[in-house]
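Peer 1: have a look at this prediction, sequence included:
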Amino acid sequence: MEVVAVDLGGTHARFAIAEVEGGRVTSLGEPVTLKTAEHASLQTAWQAFGKTLDHPMPRAAAIAVASPVDGDIIKLTNNPWIIRRALVKERLEVDQFVLVNDFGAIGHTVAQVPPEMFEHITGPDVPLPDHGIISIVGPGTGLGVAQLLREKRGYHVLETEGGHSDFPPLDSFEDALLQRLRKAHNRVSSERVVSGPGIVAIYEMLAEIDGRAVPRLDDKAIWQLALESNDSLALAALDRFCLALGATAGDRAICQGAKGVVIAGGLGLRIKDHIVRSGFAERFAAKGRFRSMMQAIPVKLITHPQPGLFGAAAAFAQEHHQ
């Protein structure tokens with residue numbers, strides 16, 4: 001059957017027509033991206049997408065939302081839209097729908113895409129395990145964390161808020177970084193460092209240690225400088241970011257009992273070459289007496305171009321197949 005897959009973020013709403021069968025996604029059409037600021041609600045954006053089609057909209061919706069999806073009223077993060085679960089069928093004119101957290105959708109994507117959609121980062125260069133837990137960590141605007149449990153009978157995605165666990169400093173630089181962030185936030189979560197905006201605090205801390213006066217830059221400017229290799233301080237901040245990402249991914253794996261780890265998110269794709277060249281692997285495995293166990297865990301980067309849309313459709317396929 002055909003399903004309208006939707007991936008709702010703070011800035012963009014992405015739509016595509018997906019086909020699902022037997023609990024899996026069989027195809028995903030060309031995505032259409034709309035700016036949320038140009039539409040008053042999900043309903044008006046949905047109607048705008050419908051006008052791009054040459055046939056009636058399917059009467060099924062699979063919606064991934066950058067927000068917790070518990071309860072009847074769903075308020076999106078960094079987006080004024082409000083979704084009322086009880087009104088979805090009426091407002092969107094559908095007979096069936098699924099609402100899933102955006103990182104839960106990533107978990108469904110990891111479960112269903114083929115092995116060629118993953119790029120090796122560290123650990124043994126083997127496919128992700130068919131059984132057991134796979135930890136998924138995704139730095140972006142925030143830090144997404146989920147678990148995928150694979151069993152003989154299928155799979156289960158467990159959404160978490162693991163990105164909001166405490167940030168654990170591992171050396172003197174990170175001690176100083178934690179002190180700096182604590183002045184602004186009191187409690188410092190991993191997301192304050194291991195996310196797109198986290199690069200700002202790292203950059204400014206390095207400048208302070210180096211005794212350099214630097215202009216106040218936002219995270220987008222620092223990322224651009226780092227990725228273009230135009231600024232030694234921004235490159236050092238990127239290296240530091242990769243170290244923190246490695247430690248965080250390792251923490252999630254050891255806490256969740258993972259047999260495999262996937263790095264997700266658009267930021268992961270942008271820095272994949274730097275991750276491989278950085279100290280990510282060393283920090284991932286640096287868990288004391290469990291180093292050898294950590295070194296045996298394959299760590300992959302998912303490369304699917306639309307994991308949110310695919311995952312929303314996969315969540316719908318799994319729920320309605322059961």
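Peer 2: Looks like it arrived, so ask away. Residues are numbered from 1 along each chain as shown.
Peer 1: now stretch 195-206, how far from the chain's geometric center?
Peer 2: Per C-alpha atoms, centre = their mean, to the nearest Å, the displacement of stretch 195-206 from the mean C-alpha position of its chain is 19 Å.
Peer 1: ditto for stretch 290-305
Peer 2: Counting by C-alpha atoms, centre = their mean, stretch 290-305 comes out at 16 Å from the chain centroid.
Peer 1: mind checking the end-to-end distance for it?
Peer 2: End-to-end distance for stretch 290-305: 34 Å, by C-alpha to C-alpha, to the nearest Å.
Peer 1: so which residues make contact with that stretch?
Peer 2: 106, 109-110, 113, 117-129, 249-250, 253-254, 258-264, 268-269, 272, 275, 281, 284-287, 310 (C-beta atoms under 8 Å, 6 or more residues apart in numbering). (C-beta placed from N, C-alpha, C; glycine too.)
Peer 1: change it to 7 Å
Peer 2: Surrounding stretch 290-305, the residues in contact under the criterion C-beta atoms under 7 Å, 6 or more residues apart in numbering are 109-110, 113, 117-124, 126, 128, 249-250, 253-254, 258-264, 268-269, 272, 284-285, 287, 310.
Peer 1: burial count for Trp46?
Peer 2: 22 (other C-beta atoms under 10 Å).
Peer 1: list the contacts of it.
Peer 2: By C-beta under 7 Å, 6+ apart, the neighbours of Trp46 are Leu92.
Peer 1: name the SS class of it, please.
Peer 2: Counting by DSSP: H, G, I helix; E, B strand; the rest coil, the backbone at Trp46 sits in helix.
Peer 1: not counting sequence-adjacent ones, nearest residue to Leu99?
Peer 2: Val69 (4.7 Å; C-beta to C-beta, 6 or more residues apart in numbering).
Peer 1: just Ala201 next, same as before
Peer 2: According to C-beta to C-beta, 6+ apart, the nearest residue to Ala201 is Leu181 (5.7 Å).
Peer 1: count the neighbours of that neighbour for me.
Peer 2: Counted with other C-beta under 10 Å, Leu181 comes out at 20.
Peer 1: where do the helices sit along the stretch 201-322 of the chain?
Peer 2: 219-227, 232-256, 266-270, 272-277, 280-285, 291-295, 307-321 (DSSP state H, counting those that start in this stretch).
Peer 1: most tightly surrounded among these?
Peer 2: Highest mean neighbour count of the helices of the stretch 201-322 of the chain: helix 307-321, a mean of 26 (counted as mean count of other C-beta atoms under 10 Å).
Peer 1: SS state for the residue nearest to Leu99?
Peer 2: Quick answer, by three-state DSSP: Val69 is coil.
Peer 1: quick one on the thing from earlier: before we move on, which element is the residue nearest to Ala201 in?
Peer 2: helix 172-185 (DSSP states H and E).
Peer 1: list the buried residues of that helix.
Peer 2: Glu174, Leu177, Leu178, Arg180, Leu181 (16 or more other C-beta atoms under 10 Å).
Peer 1: what of stretch 100-117?
Peer 2: Those would be 100-113, 117, for stretch 100-117 by 16+ other C-beta under 10 Å.
Peer 1: grab the nearest non-local neighbour of Leu170.
Peer 2: Ala247 (5.9 Å).
Peer 1: can you count the residues close to Gly211?
Peer 2: 6.
Peer 1: check the gap between Asp171 and Leu243 for me.
Peer 2: When distance is defined by C-beta to C-beta, to the nearest Å, Asp171 is 9 Å away from Leu243.
Peer 1: now do the SS call for Ala146.
Peer 2: strand.
Peer 1: whoops, I mixed them up, Arg187
Peer 2: Taking three-state DSSP, the label given to Arg187 is coil.
Peer 1: show me what the closest residue to it other than its chain neighbours bridges to in the sheet.
Peer 2: Excluding the flanking residues, the one nearest Arg187 by C-beta to C-beta, 6+ apart is Asp166, at 7.3 Å. With DSSP bridges as the criterion, Asp166 is bridged to Ser189.
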